[in-house]
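Undergrad: 3D, please:
(chains A, B and C)
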Amino acid sequence: MTSGPTVLAGGGVVAALRAAGVGRNEPLAVVAVGAGLGLASGRGGWAVPTGPDAAGVVTRIEAELAPRWVWWSVHGSPAALVAGGLRPAACWDLAAVHRLLHGGRRDDPAPVWAGARGLPPPAPVPTGGRPVGRGQLDLLAVAEEAETGGDLDEPVRPDGQLRTDWADERWTDPRWDGPAGDAARTLRRAVRWAELALTVRDAQEQRLGAHIDPRPRPGPTGLAVLTARAESAAELLARELECDGLPIDRPTAERMIAASAGPRPRDDADDGSIRRARDAPVLAHLPGGVDLRNPASVRSGLRAVGIDVPDTRSGRLERLRGTHPAVGALLDWRKAERIATTYGYRWLDTFVGPDDRLRGSWQGSDGAGGRMTAQAGLHNLPAELRVAVAAEPGCLLVRADLGQIEPRVLAAVSGDPALARATAADDLYAPVAARLAVERPVAKIAVLAAMYGQTSGAAGQALRQMRAAYPRALAYLDAADENGRAGRDVSTFGGRLIRTSSVITGSAGPGNSTSSGNSAGSGDWAAGADGATVAARGRFARNAVVQGSAAELFKAWAVTVRHALAADRPAAGPPGGIVLCLHDELLLQVPAERAEATRQLLHDTLTATAGYWAAGSGVRFVADVTIVRRWSEAKA
DNA sequence: TGCGCTACGTA
DNA sequence: CGTACGTAGCGCAG
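TA: Just a heads-up that it's a prediction; the model follows:
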């Protein structure tokens, strides 16, 4: 270590790594800095001055050696590599695996390191590089760290935590190198940083391997490790989705927006008159002075024409469509207004690039159960706008969705043999209905009520029947509910820790009203909450174990599809790829002549994924695949 | 300016 | 008093 890492020329890096024994699927940590790359494997560390071609060098290593790339977070320095075209087959995302093991949504190296070393999590550090949350105390801590940390080339503080000025990955601080920087020294730090990443990975894998599988399964690698790999790849996929975008037929999008919002306004005054024109048909049915964008005003306006409603939600008003012309006009207006405000010209101009691709940021795992999330409306595009999502010339869209994934996942994770038998049917609700001796719609309500915790209405009786028919599935859900009520953390099937004790969501979530923030310890968690809040936390946990496990299966499938598509990459022409992930649905764009083969690929990959994910459970998963030009042509 | 509320889009 | 998420406009507090 005193002699420093080996310095490799960019051209000779593949040969040198191969000579050192770096091979397929073998962990190889990478850190990209301005001057080049820091690489580390179990066989050594290498500094690779690349200049601006870092992505090219890494891509060559990938093509020749296909290691398992290890990075602190794909949102960190590797983001530039992905943006530069790197499309690796395998990776290990320390932050993603950290979230799997410890819950939460932290993405910065400091808590990842702390988690791997069994240290308490450090205070959050925003992009600015300064801790937040306790004000001056943390500023003092930073100063203290600089004083007591000793060697600036040593990333670990005396207390075992990471130095924050290392963790923010900006090693060109003039305190160290002077304003001009010192490229060689920065590269040495990058290698050290990569070596640390490798130690974190090893600790994570050991911890994952120690996870006791909920059900016995064949093969040497437990589900937790496989899930860690899939979650890592899902974060990578998220970056790729950000880069590649969703193909949009811009003229059609413009036409759809114009139909709802009117023509594109030339200026503010024009915008005002277009808005007034949109409002006019509704206001004609209401007394003067009503503000359509103010629910309270709308409610009093409706009362003035004899419609008395506690709120003006569309679900409530829909039933009153026939009673007064104002109702229908208002509902139609609301739909148009949604397009105009959220998915209008501003949305188009902001998120659809000159190459007619809709791009937003993606998270591979967010929220309670670790679903993927996306911005820019990618996850809540109104159905009527899907007509504007269209394959480019020479390509087709392939849409695949997992049928009834949540009850099937419930059957797998709970190990309920009767529910597992029901998954043999394409329509799971049919055998459930037969078993409960009820109509199919009732069976569906009963299953959903069990998973979501609904207690009111027709669900009550059906729920009792469910409990009798599928006791093991219901016991699994009830246990999650009870854990949530008590503030005990729960786990998904793949081993994701769901912290019921500190999650903060909306008012319906477990962290509402009186218990502001996450400061409350788990001890007074249940005691301080009222009955409704406790019940909400129970429902949250009940749902999270199913939704979260389903998210893991979905992502495992998605990244398997991604991998298979890359292996199938045509010699010439555009490669096929995933362009959208939507909880239980994949949207692919592929060359037209490959569409049918892609259909088969989707089924095969699901079989393979479910084969290990739900091994031994007897649960069948099904995908519905349609090949279309436009997303709207796929049946819902 | 920031936050809670209402509302509505998706799964 | 069925879950999760993202986005926008309004009203209010600061």
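
Undergrad: quick one: A:Val30 is in a strand?
TA: Yes: counting by DSSP: H, G, I helix; E, B strand; the rest coil, A:Val30 falls inside a strand.

Undergrad: That one and A:Ala194 touch, don't they?
TA: Yes: at 6.3 Å, A:Val30 and A:Ala194 qualify as touching, with contact defined as CB atoms under 8 Å. Bear in mind the C-beta positions are built from the backbone N, C-alpha and C, glycine included.

Undergrad: Quick one: classify the residue lying closest to A:Gln547 once chain neighbours are set aside as helix, strand or coil.
TA: Distances taken as CB to CB, 6 or more residues apart in numbering put A:Gly369 closest to A:Gln547, at 4.3 Å, once the chain neighbours are dropped. Following three-state DSSP, the label given to A:Gly369 is coil.

Undergrad: residues of the helix or strand hosting A:Leu226 that come out buried?
TA: Element membership of A:Leu226, judged by DSSP states H and E, is helix A:223-244. Applying a neighbour-count criterion of 16 or more other CB atoms under 10 Å, one finds A:223-243 buried in helix A:223-244.

Undergrad: I'd like the average pLDDT over it.
TA: For helix A:223-244, the mean per-residue pLDDT is 96.

Undergrad: Moving along the chain from it, name the first helix or strand you hit.
TA: strand A:246-247.

Undergrad: on that earlier part again, okay, now the residue nearest to A:Gln547: neighbour count?
TA: Neighbours of A:Gly369 under the rule other CB atoms under 10 Å: 21.

Undergrad: So for it, what pLDDT did the model give?
TA: A:Gly369 carries a pLDDT value of 84.

Undergrad: ok, now A:Ser515?
TA: 34.

Undergrad: Would you tell me what helix or strand the residue nearest to A:Val290 when sequence neighbours are not counted is located in?
TA: Nearest non-adjacent residue to A:Val290, counting by CB to CB, 6+ apart: A:Gly301, 3.8 Å away. A:Gly301 is part of helix A:295-304 when elements are defined by DSSP H and E.

Undergrad: How about A:Ala400?
TA: strand A:395-402.

Undergrad: What strands line up against that strand, and which way round?
TA: Paired neighbours of strand A:395-402 in the sheet (DSSP bridges): strand A:585-591 (antiparallel), strand A:623-628 (antiparallel).

Undergrad: Tell me where the stretch 201-350 of chain A is predicted with low confidence.
TA: The stretch 201-350 of chain A contains residues with pLDDT under 70 at A:212-220.

Undergrad: and it, which residues reach DNA strand B?
TA: Selection of the stretch 201-350 of chain A residues close to DNA strand B by CB under 7 Å from any atom of the strand yields A:295, A:299, A:311-315, A:317, A:331, A:334-335, A:338.

Undergrad: One more pass at 6 Å, please.
TA: Residues of the stretch 201-350 of chain A lying close to DNA strand B by CB under 6 Å from any atom of the strand are A:295, A:311-314, A:334-335, A:338.

Undergrad: which of these are buried?
TA: Applying 16+ other CB under 10 Å to those flags A:312, A:334 as buried.

Undergrad: Point out the ones among the residues of the stretch 201-350 of chain A next to DNA strand B that are inside helices.
TA: With DSSP state H as the criterion, helices contain A:295, A:314, A:334-335, A:338 from among these.

Undergrad: Looking at those residues, which two lie furthest apart in space?
TA: Maximum pairwise distance among those (CB to CB): 15.8 Å, between A:Pro295 and A:Lys335.

Undergrad: Would you mind naming what in chain A lies close to DNA strand C?
TA: So chain A meets DNA strand C at A:291, A:293-294, A:341-342, A:366-368, A:373, A:375-377, A:379-380, A:448, A:452-456, A:505, A:508-509, A:532, A:536, A:539-540, A:543, A:547 (CB under 6 Å from any atom of the strand).

Undergrad: Any of these buried? List them.
TA: When the residues of chain A next to DNA strand C are checked for burial by 16+ other CB under 10 Å, the buried set is A:366-368, A:373, A:376-377, A:379, A:448, A:452-454, A:536, A:539-540, A:543, A:547.

Undergrad: which residue sits closest to A:Ser549, ignoring its sequence neighbours?
TA: Going by CB to CB, 6+ apart, A:Ser549 has A:Phe493 as its nearest residue, at 4.0 Å.

Undergrad: what about the one you found, is that helix, strand or coil?
TA: coil.

Undergrad: That one and DNA strand B: what is the separation?
TA: According to CB to the nearest atom of the strand, to the nearest Å, A:Phe493 stands 18 Å off from DNA strand B.

Undergrad: Could you report the neighbour count for that residue?
TA: Neighbours of A:Phe493 (other CB under 10 Å): 24.

Undergrad: one step back: I'd like the distance between the residue nearest to A:Val290 and DNA strand B.
TA: 12 Å.

Undergrad: As a check, name the ranges of all helices in the stretch 301-450 of chain A.
TA: A:314-318, A:325-342, A:345-351, A:405-414, A:417-422, A:429-436, A:440-452 (DSSP state H, counting those that start in this stretch).

Undergrad: Nearest to A:Arg620 among the ones you listed would be which one?
TA: helix A:405-414 (7.3 Å).

Undergrad: Next one: the spatially most central residue of chain A from A:Leu101, what distance?
TA: The centroid of chain A falls nearest to A:Met372 when counting by CA atoms, centre = their mean (1.8 Å). The gap separating A:Met372 from A:Leu101 is 19 Å, by CB to CB, to the nearest Å.

Undergrad: just A:Arg408 next, same as before
TA: Counting by CB to CB, the separation of A:Arg408 from A:Leu101 is 26 Å.

Undergrad: which of these two has more neighbours?
TA: Neighbours per residue (other CB under 10 Å) separate A:Arg408 from A:Leu101, with A:Arg408 holding more: 25 against 20.

Undergrad: was I right about the more buried one contacting A:Ser617?
TA: No: here A:Arg408 does not reach A:Ser617: they are 9.6 Å apart, not a contact under CB under 8 Å.

Undergrad: Could you point out which residue ranges in the stretch 51-200 of chain A have low pLDDT?
TA: For the stretch 51-200 of chain A, the ranges with pLDDT under 70 are A:125-150, A:171-181.

Undergrad: For A:Ala473, give its distance to DNA strand C.
TA: A:Ala473 is 16 Å from DNA strand C, by CB to the nearest atom of the strand.

Undergrad: Please apply the same query to A:Gly306.
TA: From A:Gly306 to DNA strand C the distance is 23 Å (CB to the nearest atom of the strand).

Undergrad: what does the stretch 351-500 of chain A put close to DNA strand B?
TA: Going by CB under 6 Å from any atom of the strand, the residues of the stretch 351-500 of chain A near DNA strand B are A:379-380, A:382-383.

Undergrad: want to throw the residues you listed into JSON lines with pLDDT and distance to A:Gln161?
TA: Shown next, in JSON lines, are these (pLDDT from 0 to 100; distance: CB to CB, whole Å):
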{"residue": "A:His379", "pLDDT": "93", "distance to A:Gln161": "36"}
{"residue": "A:Asn380", "pLDDT": "91", "distance to A:Gln161": "39"}
{"residue": "A:Pro382", "pLDDT": "91", "distance to A:Gln161": "47"}
{"residue": "A:Ala383", "pLDDT": "90", "distance to A:Gln161": "49"}
